[in-house]
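Sharing a model that was predicted from the sequence below.
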2 protein chains.
Amino acid sequence: MPKATFFNLPDEKRERIIDLAVGEFERLPYDKASVNRIVRDSGIAKGSFYQYFEDKLDLYTYVIHLIVEEKLKYLSPLLGNSENEGFFKVIEALFKSGIQFAVEHPRYVNISKIFMADTASPIYAGVVKANLHKSHEIYRQLISQGIERGELRSDLDVDFLAHLMTDMNYSVVDYVKKIRGNILDESLVDFLRGFLSYLEKGIGNPQE
Amino acid sequence: MPKATFFNLPDEKRERIIDLAVGEFERLPYDKASVNRIVRDSGIAKGSFYQYFEDKLDLYTYVIHLIVEEKLKYLSPLLGNSENEGFFKVIEALFKSGIQFAVEHPRYVNISKIFMADTASPIYAGVVKANLHKSHEIYRQLISQGIERGELRSDLDVDFLAHLMTDMNYSVVDYVKKIRGNILDESLVDFLRGFLSYLEKGIGNPQE
DNA sequence: GTACAATGTGACCTGCCAGTCATATCCCCT
DNA sequence: AGGGGATATGACTGGCAGGTCACATTGTAC
């Protein structure tokens, strides 16, 4: 966590620093990101930076913290009352919120992508593994619940499917970002319904 | 490409250098990988290294080249006669060969993962994008073919599905590596069949 | 106005990096 | 034996990194 001095800063200055830091971390992995550059571009002295943060890792951890916090704002409404909704409805809502987050916070998504891929980063093991584990657990629960209710086939490999769906979540968000642009209209809902029908009924031709 | 001098080296020495380089690149992204370390650990002089390779990028590119070459050995037998086989048979073979490659060349897979994630690497745009595009194209063709033959639903979003299957390929390989260990017996075939049935028939309960 | 704490500053430190080059050694051909 | 091209060597250069520190400036309370 940044030092008290950082939070005493005028909003404008504090936000400028974070803005520059986000700009740096969305371009470069932790080790290549440069405190020198952030400091130069945001017009503060090198010494001042170290009055605000313990070190480079402190800044990075704080930015990740901001991202996780923001992401939770999108997810928390969904995780409360999932028991009363059908499996595919919950999945639709989950994927939709993921896309919404990506559209509204593209820079955060860039950082997350670099972050999650950067196994050499000093906090990878702690944060990424923990979050992937959480995500995996959520899917495990939803799938088990879906099987109990008879919504899903009973012969599913729950663990594998949870893994697959975690990855598919990223894949879908990625595809929407790359190919379909940042449009958040009802065509997106149709797109998601299409995906869900692949998931539910498969892509094979039932006539055969 | 390495200089002629490198290929004139005694096999043992040449292989030791590549072995150390692979060890370095499977641990660290391009920019953090250190020529100094490779040189020190393999017991050759710094100056000698630059008699063998133009620069660090030359070595890296060569290692990637070796990986791609090896990967093609696994893939090329499959891509020739895909027209006579059913869609799901071809997919099964593709995924199986991916797993086989991962089991037999775990270090190569580590390098590939870091490589593909490292968008800051100087050859990312050229090699990774080109390969992803190729993979995407192969899936597009297979899917289109599958639709024409009536094996697949006719309302599929071919582009999206190609994207999804490219990612699922990695996801499945990843899962097998992480969770199921490096066992390459018939249980793997069962596992793959399970996955294919999710893909073909979906995970929903057909009774409902 | 003065005392004192909080904040700001940039030259400087050490460490690691990729890459160079003058020099030494090796090895083969005559 | 000796000449010459190929190969080996490691001290050295310049650049950039993260982090430090003695000192300057500002803000506050009396």
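All right, it came through fine. Numbering: from 1, shown residues only, chains lettered A, B, ... in the order given.

When you work out contacts or count neighbours from here on, use the C-alpha atoms and nothing else.
OK.

Which of the three states applies to A:L184?
Using DSSP: H, G, I helix; E, B strand; the rest coil, the structure places A:L184 in coil.

list the contacts for it?
Residues in contact with A:L184, defined by Cα atoms under 8 Å, 6 or more residues apart in numbering or on different chains, are A:100, A:103.

and if you look at A:K134?
For A:K134, no contacting residues are found, by Cα under 8 Å, 6+ apart.

Name the residues of the one helix or strand A:I138 maps to that come out as buried.
In this structure, A:I138 sits in helix A:129-148 according to DSSP states H and E. For helix A:129-148, a neighbour-count test (16 or more other Cα atoms under 10 Å in any protein chain shown) marks A:136-137, A:139-140, A:142-147 as buried.

Name the nearest of those residues relative to A:E24.
Nearest to A:E24 among the buried residues of helix A:129-148 is A:H136, at 29.7 Å by Cα to Cα.

Which residue, other than its chain neighbours, is closest to A:R193?
Nearest residue to A:R193 in three dimensions, chain neighbours excluded: A:E92, at 7.6 Å (Cα to Cα, 6 or more residues apart in numbering or on different chains).

do the same with A:I203
Nearest residue to A:I203 in three dimensions, chain neighbours excluded: B:E200, at 5.1 Å (Cα to Cα, 6+ apart).

Could you report the separation of A:E85 from A:K201?
Taking Cα to Cα, to the nearest Å as the measure, A:E85 falls 19 Å from A:K201.

Look at those two and report which has more neighbours.
Comparing A:E85 with A:K201 by other Cα atoms under 10 Å in any protein chain shown, the one with more neighbours is A:K201, at 19 against 10.

give the contact list for the more buried one.
By Cα under 8 Å, 6+ apart, the neighbours of A:K201 are B:200-204, B:206.

Which one of these is nearest to A:A45?
The closest of the contacts of A:K201 to A:A45 turns out to be B:I203 (Cα to Cα; 57.2 Å).

wouldn't that closest one be in contact with A:L156 here?
Yes. With contacts counted by Cα atoms under 8 Å, B:I203 reaches A:L156, the gap being 7.4 Å.

how about the helix or strand that A:P77 is a member of, does it get close to DNA strand C?
Using DSSP H and E, A:P77 sits within helix A:56-80. No. Using Cα under 7 Å from any atom of the strand, helix A:56-80 stays clear of DNA strand C, with a minimum separation of 14.4 Å.

So what touches the helix or strand just after that helix?
Going down the chain from helix A:56-80, the next helix or strand is helix A:87-104, by DSSP H and E. Applying Cα under 8 Å, 6+ apart, the contact partners of helix A:87-104 are A:71, A:74-75, A:78, A:82, A:108-109, A:142-143, A:145-146, A:151, A:169, A:172-173, A:176-177, A:182, A:184, A:192-193, A:196, A:200.

Can you give me the buried ones in helix A:87-104?
Within helix A:87-104, the residues scored as buried using 16+ other Cα under 10 Å are A:87-88, A:90-92, A:94-103.

Show me what secondary structure element comes after it.
Using DSSP H and E, the helix or strand that follows helix A:87-104 in sequence is helix A:106-117.

Show me which positions of that next one end up buried.
A:107-117.

repeat for stretch A:10-26
Quick answer for stretch A:10-26 (16+ other Cα under 10 Å): A:17-18, A:20-26.

Just name the closest of the buried residues of helix A:87-104 to B:I123, please.
For those, the nearest to B:I123 is A:A102 (26.6 Å; Cα to Cα).

how much space is there between the closest one and B:H136?
Distance, A:A102 to B:H136, using Cα to Cα: 23 Å.

So for A:E15, what's the pLDDT?
pLDDT, A:E15: 97.

Look at it and tell me its secondary structure.
Per three-state DSSP, the secondary structure class of A:E15 is helix.

Closest residue of chain A to chain B?
At 3.6 Å from chain B, A:G202 is the closest residue in chain A, using Cα to the nearest Cα.

so what's that residue closest to, chain neighbours aside?
Closest residue to A:G202 apart from its sequence neighbours, by Cα to Cα, 6+ apart: B:G202 at 3.6 Å.

Write out the residues of chain A neighbouring DNA strand D.
Proximity of chain A to DNA strand D is confined to A:31-37, A:46-47, A:50, A:55-57 under the rule Cα under 7 Å from any atom of the strand.

make it 10 Å
Neighbours of DNA strand D within chain A, by Cα under 10 Å from any atom of the strand: A:30-40, A:45-51, A:53-59.

Filter the residues you listed down to just the ones in helices.
Using DSSP state H, A:35-40, A:46-51, A:56-59 are the members of those that sit in helices.

which among those end up buried?
A:35, A:38-39, A:49, A:56-57, A:59.

tell me the two of those residues that are most distant?
Largest separation among those by Cα to Cα: A:V39 and A:L57, giving 14.8 Å.

Poorly predicted segments of chain A, please.
Residues of chain A meeting the criterion pLDDT under 70: A:82.
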